[in-house]
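> this one's sequence-less:
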């Protein structure tokens, strides 16, 4: 299936939320899924912009890569480009929380005590869904879950106002393969067996890219 001419914006990788200039809060995302989606989309003729958190992987050749570190940076760069894409795929593992007041100097271990004051980060994909006009761009999100993965993904799909959501298990993070399901706003659901992330990217784009190209 060709995606020629389709403008796809992909968020990928983790975000890092600084505690001080040395330490940060983050997660185990490697960006492999987002990068696989970008490579597959490029091979099929799409124009791809990749907003990526800090990862070790080499960026896909041909993509416009926008490096970011924090969730606030990812939100700014994603929303800035929202009106210029046909499809947003929010595959990033955005940190849910950030430190209220990161220190400007490295703190001694004793300074942290038993707790940190955290504040919630914005929900980037939900913000994007609220800002789009006439249902454009189409938006696909991801839900990484430890339990009730399909039920929790379905709830997030509706609450955030998305067109699709990819549900997967926490075992997918950092690993070479993934078992996932694709849910849509009309109530459809397709559950896939474990496969490589490259193959998963092909399945996801085959399902949602065709709808973007024809609607």
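All right, it came through fine. Keep in mind that what you see is a predicted model, and the values were worked out from it rather than measured.

> low-confidence regions, this protein specifically.
Along the chain, segments meeting pLDDT under 70 span 1, 113-114, 171, 174-175, 210, 213-215.

> please enumerate the helices of it.
Taking DSSP state H as the test, the helices found in the chain are 32-43, 71-80, 124-131, 149-160, 197-214.

> burial check on residue 135, number of neighbours?
Neighbour count for residue 135, taken as other Cβ atoms under 10 Å: 11. Glycine gets a C-beta too; all of them are placed from N, C-alpha and C.

> which residues sit against the longest strand anywhere in the chain?
Scanning the chain for the longest strand, with DSSP state E as the assignment, gives strand 138-145. Residues outside strand 138-145 that contact it (Cβ atoms under 8 Å, 6 or more residues apart in numbering): 33, 86-91, 93, 125, 128-129, 132, 149, 152-153, 156-157, 160-170, 172-173, 204, 208, 211-212, 215.

> sheet-wise, list the partners of that strand with their directions.
Sheet pairing of strand 138-145 (DSSP bridges) gives strand 87-90 (parallel), strand 164-169 (parallel).

> need the buried ones from the contacts of strand 138-145 selected in ChimeraX.
One line in ChimeraX is enough to select the buried members of those, burial here meaning 16 or more other Cβ atoms under 10 Å:
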select :33,86,87,88,89,90,91,93,125,128,129,132,149,152,153,156,157,160,161,162,163,164,165,166,167,168,169,172,173,204,208,212
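
> hang on, the earlier thing: just want the angle from the longest strand of the chain to helix 32-43.
Following axes from the mean of the first three to the mean of the last three Cα atoms, to 10 degrees, one obtains 150 degrees for the angle between strand 138-145 and helix 32-43.

> name the residues of strand 138-145 that are buried.
138, 139, 140, 141, 142, 143, 144.

> tell me the one of the residues you listed nearest residue 101?
Nearest to residue 101 among the buried residues of strand 138-145, counting by Cβ to Cβ, is residue 144 at 28.4 Å.

> burial of residue 117, as a residue count?
7.

> how near is it to residue 101?
Distance, residue 117 to residue 101, using Cβ to Cβ, to the nearest Å: 7 Å.

> got the phi and psi for the closest residue to residue 194 other than its chain neighbours?
Leaving out its chain neighbours, the residue that sits closest to residue 194 by Cβ to Cβ, 6 or more residues apart in numbering is residue 179, at 4.3 Å. Note on residue 179: backbone dihedrals following degrees, to the nearest 10 are phi -110, psi 130.

> residues contacting residue 132?
Applying Cβ under 8 Å, 6+ apart to residue 132 gives the contacts 82, 139.

> mind doing that once more with 10 Å?
82, 83, 85, 88, 138, 139, 161 (Cβ atoms under 10 Å, 6 or more residues apart in numbering).

> repeat for residue 17
23-26, 69-72, 94-99, 102, 118-119, 121.

> ok, the nearest residue to it once chain neighbours are set aside to residue 26 distance?
Computed as Cβ to Cβ, 6+ apart, the closest residue to residue 17 that is not its neighbour in sequence is residue 98, at 3.9 Å. Here the criterion is Cβ to Cβ. By it, residue 98 lies 11 Å from residue 26.

> so those two - more neighbours on which side?
Taking residue 98 and residue 26 together and counting by other Cβ under 10 Å, residue 98 has the greater number of neighbours (22 against 16).

> follow-up on the earlier one: for the residue nearest to residue 17, list each beta-bridge partner.
Per DSSP bridges, the residues bridged to residue 98 are residue 119.
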